[in-house]
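K.L.:
Can you look at this prediction? I've put the sequence above it.
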Protein chains: 2
Amino acid sequence: MNIFKKTTMIGIGLIGSSIARALKKKRLSKKICIFSQTNKTLNKARKLKLGDFYTNNLEKSVQNSDLVIICTPISAYKKILNRISKNLMQGAILTDVGSTKSTVVDTFLKIKKPNFNILPAHPIAGTEKSGPESGFAELFNNRWCVITPMGRNDNKSLNKLKNLWNKLGSKVQIMNATEHDKILAITSHVPHLISYSIVSSTLASNSKQKSQIIKFSAGGLRDFTRIASSDPVMWRDIFLNNKSNLLKITKNFEKSLNLIKKYIKTNNEKKLKEIFSNTKKIRKLIEKEKQI
Amino acid sequence: MNIFKKTTMIGIGLIGSSIARALKKKRLSKKICIFSQTNKTLNKARKLKLGDFYTNNLEKSVQNSDLVIICTPISAYKKILNRISKNLMQGAILTDVGSTKSTVVDTFLKIKKPNFNILPAHPIAGTEKSGPESGFAELFNNRWCVITPMGRNDNKSLNKLKNLWNKLGSKVQIMNATEHDKILAITSHVPHLISYSIVSSTLASNSKQKSQIIKFSAGGLRDFTRIASSDPVMWRDIFLNNKSNLLKITKNFEKSLNLIKKYIKTNNEKKLKEIFSNTKKIRKLIEKEKQI
């Protein structure tokens, strides 16, 4: 059943620990090595029995691994690559799970003459929780995983990684990084930016009002607070790494908001009903695609 | 066990049908009369056995009822009141479930010398679904119901209505209509306005992009599409009836959004991390209050 002999997880948060759990449960890797730079996280991973080896030595962690998965915030990639590139096994697959892909591909392209295969990837799955204790093996079931090949890799490696993600429960889509970042700005990054903004705007309220906001949050705000409780460092990195798409798509959102505001100000009942009826249709398509 | 002898539900959508189901299940009203203006909805309600009588005659529906609950979009209230005011039983309780309260109170205040008790109310509960088939008796469990008395009613009626909502599973908060509308703009109306805007902004995409947006919606957009699939007429009415609070709170949101955008443009990593860490705290308070 094993597809890989030794998998190294660099970073073991929500996504990393979910992958580790699924690898183990489905016996997809003979051995799993877990790297984290903090002993606190390593100890958590050890207690949860997420792997076979645990180390805070980055260079050593990747030795003899035929699969290395970077599961850290994007801002850590450069340092990581500087330290592991020389130690990666010939023919190994190096992949990641980062939520933006263009700058990630650029970073990977700086590795000089790699004798291993680099295949950036992004599983479109997650929850608002962070840390190794939050993961679960079923996180990727029926979700999409996007792989953005860089043109250097062989087909065998690509098929191996596709096979892995299929076994983890996901459907795989091959895309280029530029296209990925445009679509994800719409489906994920701008929704997060807006959620952080709306929740942040409530923080200025006085304490009496704040307690009422908490009480009555079930009317809609609650769902935004869920999204806006996602990992701060991870999301800071995503926003900074997909800046131009993010700002462009935000502008589209602002145009829509301004139009609806105009119709509210002018009591345009017909147009409002029309817009709110149309938005219902997208939901139905998502339900049909089983992405609920 | 019955608190009321005959309850008339005017409108039998998500909220109305949930109340009817709970009234029946918990035997809180001896008889339930259901009014709807369309035969299609009436037939659905009959098939679902939501009441004891079904009628499209508004005037007759309220006769001999000691409780009348208006569960229609707010834009229908004036016409309804014109037709039922003369037929309401002396001492009856007239209440509603509308999501804005100031204009509703104004509308109720126009009833000349009522010999019944008017108690506007708003259960902070719901889903994105509409229609009598979408309701369920447990919808109000552990949710808040706000009652905004108008100063005309007696304490006995207020206590009776509070008791009813408690029995329906809710906690009750007495507030004035102005305060209610300010808070709900924050916790519900602006989140809906923003959800409609973001989903609406994706509708302009071409069909290839749209299919990718649907596929990858699990990254955040999905949750907005849920909110933006709420009943179009109901939400049009809410926005138009809480216009000034809505626009004011939207301005606060826009300020937050602009600030975060500024920090993204200037790569202010420290400030971004700080903001995204603070928004996490609100979520924890909501979890503590069990409004999840």
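P.N.:
Okay, I see it.
K.L.:
quick one: the strands in chain A?
P.N.:
With strands called from DSSP state E, chain A shows them at A:4-10, A:29-35, A:53-55, A:67-70, A:93-96, A:117-119, A:121-123, A:144-147, A:171-174.
K.L.:
Redo the ones you listed as TSV? Include distance to B:E179, mean neighbour count and mean pLDDT.
P.N.:
For every residue, glycine as well, the C-beta is placed using N, CA and C. Converted to TSV, those look like this (distance: least, C-beta to C-beta, whole Å; neighbours: other C-beta atoms under 10 Å in any protein chain shown; pLDDT from 0 to 100):
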stretch	distance to B:E179	mean neighbour count	mean pLDDT
strand A:4-10	51	24	98
strand A:29-35	52	23	98
strand A:53-55	54	16	98
strand A:67-70	50	25	98
strand A:93-96	49	25	98
strand A:117-119	56	22	96
strand A:121-123	45	25	97
strand A:144-147	45	23	96
strand A:171-174	49	16	96
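K.L.:
quick one: which of these is nearest chain B?
P.N.:
Proximity to chain B (C-beta to the nearest C-beta) singles out strand A:144-147 among the strands of chain A, at 5.7 Å.
K.L.:
Which other helices and strands does the closest one contact?
P.N.:
Applying 3 or more C-beta pairs under 8 Å, 6 or more residues apart in numbering or on different chains; DSSP states H and E, we find strand A:144-147 packed against strand A:121-123, helix A:155-167, strand A:171-174.
K.L.:
at 6 Å instead, please
P.N.:
Judged by 3 or more C-beta pairs under 6 Å, 6 or more residues apart in numbering or on different chains; DSSP states H and E, the packing partners of strand A:144-147 are strand A:121-123, strand A:171-174.
K.L.:
if we can go back for a sec, for the strands of chain A, give me TSV that also has distance to A:A204.
P.N.:
Converted to TSV, the strands of chain A look like this (distance: least, C-beta to C-beta, whole Å):
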stretch	distance to A:A204
strand A:4-10	39
strand A:29-35	41
strand A:53-55	43
strand A:67-70	37
strand A:93-96	37
strand A:117-119	45
strand A:121-123	34
strand A:144-147	38
strand A:171-174	41
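K.L.:
circling back to that earlier point, between the helices and strands packed on strand A:144-147, which one is closest to B:L247.
P.N.:
strand A:121-123 (37.8 Å; C-beta to C-beta).
K.L.:
any residues touching that closest one, and which ones?
P.N.:
For strand A:121-123, contacts defined as C-beta atoms under 6 Å, 6 or more residues apart in numbering or on different chains pick out A:T95, A:V97, A:S99, A:F140, A:C145, A:V146, A:I147.
K.L.:
again with stretch A:50-69
P.N.:
A:4-9, A:17, A:20, A:31-35, A:37, A:42, A:46, A:83-84, A:87-89, A:92-95.
K.L.:
residue ranges of the helices in the stretch 151-292 of chain A, please?
P.N.:
Ranges of helices within the stretch 151-292 of chain A are A:155-167, A:177-184, A:190-202, A:207-215, A:221-227, A:232-241, A:243-265, A:269-288, based on DSSP state H, counting those that start in this stretch.
K.L.:
for these, which one ends up most surrounded?
P.N.:
helix A:190-202 (a mean of 26; mean count of other C-beta atoms under 10 Å in any protein chain shown).
K.L.:
wait, which of the helices and strands packed on strand A:144-147 is closest to B:L119?
P.N.:
strand A:121-123 (51.3 Å).
K.L.:
Would you reformat the helices and strands packed on strand A:144-147 as CSV and include distance to A:V105?
P.N.:
Listed next are these as CSV, based on distance: least, C-beta to C-beta, whole Å:
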stretch, distance to A:V105
strand A:121-123, 11
strand A:171-174, 14
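K.L.:
so which of the ones you listed gets nearest B:E287?
P.N.:
Nearest to B:E287, of all the helices and strands packed on strand A:144-147, is strand A:121-123, at 25.9 Å by C-beta to C-beta.
K.L.:
helices and strands of chain A: which one bottoms out on pLDDT?
P.N.:
Every helix and strand of chain A was ranked by mean pLDDT, DSSP states H and E. The lowest is helix A:207-215, at a mean of 88.
K.L.:
All good on my end, thank you.
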